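> mind looking at a prediction? Sequence and model below.
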Amino acid sequence: MLEIKQLNVETKQTHKPILKDFSLTIKEGEIHAIMGPNGAGKSTLSKVIFKNPLYHIVSGKMTFNGSDLTCLETDEVARLGLFLCMQDPMVIEGVSNSDFLREALFSKTKERVNLYTFVKEMTEATKQLSLRDEMIHQPINQGLSGGERKKNEILQLLLLKPKFLILDELDSGLDVDSLKKVCHVLNTYLKENKETSVLIITHYSRILEYIHPDYVHKMVDGTLAETGSLSLAHQIEQEGYQINEHTKEQFHE
């Protein structure tokens with residue numbers, strides 16, 4: 001589904017290298033997790049995939065189901081079926097959740113969604129996530145707590161039904177009960193949409209106890225330094241992100 005080859009990225013203003021010869025392949029239906037310290041480039045990767053203008057691709061290539069992402073704009077990337085659950089969802093004044101989602105669905109399908117069907121689906125999704133009914137008609141994320149904003153991202157996901165999910169620090173801002181609920185909703189979605197792939201970006205292994213990854217990657221200094229199973233996440237929790245010389249040699253080989 002997603003293939004990234006030898007990607008080198010720098011900031012546009014300062015030309016500081018962020019991603020360095022970064023390569024990653026995620027197949028249909030796979031769940032991958034990237035863990036790394038602050039400044040390793042984890043969130044930058046998600047922003048680069050969605051063509052954030054603050055970053056410049058120096059070299060390398062990104063493709064999604066054969067489409068070259070490097071030459072697309074943000075809206076074109078989203079229309080291909082990629083979805084980013086943001087680390088810090090922003091407030092958008094003057095646009096209600098319902099209006100936003102109806103327009104997003106129209107942009108995706110080029111057909112006006114039946115109002116009754118739309119309201120029914122949105123009401124069911126808000127109940128699944130234990131969100132207040134009135135937030136449907138409120139401006140996007142206005143007056144919502146950090147956890148509610150994250151749930152609102154998942155609400156959008158449930159309505160838009162993307163093929164590829166990027167969950168950027170989904171667990172930040174969520175208490176234990178909310179994280180369990182959100183992960184239960186996501187696992188149900190993935191069970192019903194088995195072809196959907198997921199990239200989880202996180203500092204901690206907590207979320208991985210609920211959404212089990214097929215692969216865990218350790219990211220250090222803009223590149224993937226090690227790949228393993230869930231046991232690698234537990235190892236990182238215990239030992240941190242230090243890389244010994246033997247691991248470096250294996251990685252460069």
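Looks like it arrived, so ask away.
> which SSE is Lys47 in?
Secondary structure assignment for Lys47, by DSSP states H and E: helix 42-49.
> so where's this structure uncertain?
243-253 (pLDDT under 70).
> ranges for the strands of it?
For the chain, the strands defined by DSSP state E cover 2-11, 17-26, 31-35, 55-64, 67-68, 82-85, 92-96, 139-140, 164-168, 197-202, 215-220, 223-228.
> now the ones you listed as CSV including mean neighbour count and distance to Asn187?
No exception for glycine: its C-beta is placed from N, CA and C like everyone else's. Formatted as CSV, these follow (neighbours: other CB atoms under 10 Å; distance: least, CB to CB, whole Å):
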stretch, mean neighbour count, distance to Asn187
strand 2-11, 18, 21
strand 17-26, 18, 18
strand 31-35, 23, 10
strand 55-64, 16, 23
strand 67-68, 12, 28
strand 82-85, 22, 15
strand 92-96, 11, 29
strand 139-140, 19, 25
strand 164-168, 24, 12
strand 197-202, 23, 10
strand 215-220, 21, 17
strand 223-228, 17, 22
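> mind putting these into TSV with distance to Leu174?
Below are these laid out as TSV (distance: least, CB to CB, whole Å):
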stretch	distance to Leu174
strand 2-11	25
strand 17-26	24
strand 31-35	16
strand 55-64	27
strand 67-68	32
strand 82-85	11
strand 92-96	21
strand 139-140	18
strand 164-168	11
strand 197-202	12
strand 215-220	20
strand 223-228	26
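> out of those, nearest to Leu129?
strand 82-85 (12.7 Å; CB to CB).
> partner strands of the closest one, with direction?
In the sheet containing strand 82-85, its partner strands are strand 164-168 (parallel), by DSSP bridges.
> need the contact partners of the helix holding Lys47.
Helix 42-49 is touched from outside by 2, 7, 9, 18-19, 22, 34-36, 54-55, 57, 62, 69, 77, 82, 84, 87, 166, 168-169, 199, 201, 219, with contacts defined as CB atoms under 8 Å, 6 or more residues apart in numbering.
> what's the answer for stretch 143-151, then?
The list of residues contacting stretch 143-151 from outside it, by CB under 8 Å, 6+ apart, reads 85, 89, 129-131, 135, 141, 152, 170, 172-175, 178, 182.
> out of the residues you listed, which is most surrounded?
Comparing these on neighbour count, Val182 comes out first with 26 neighbours (neighbours: other CB atoms under 10 Å).
> doesn't Asp175 make contact with that residue?
No. Because the distance of 10.6 Å does not satisfy CB atoms under 8 Å, Val182 is recorded as not touching Asp175.
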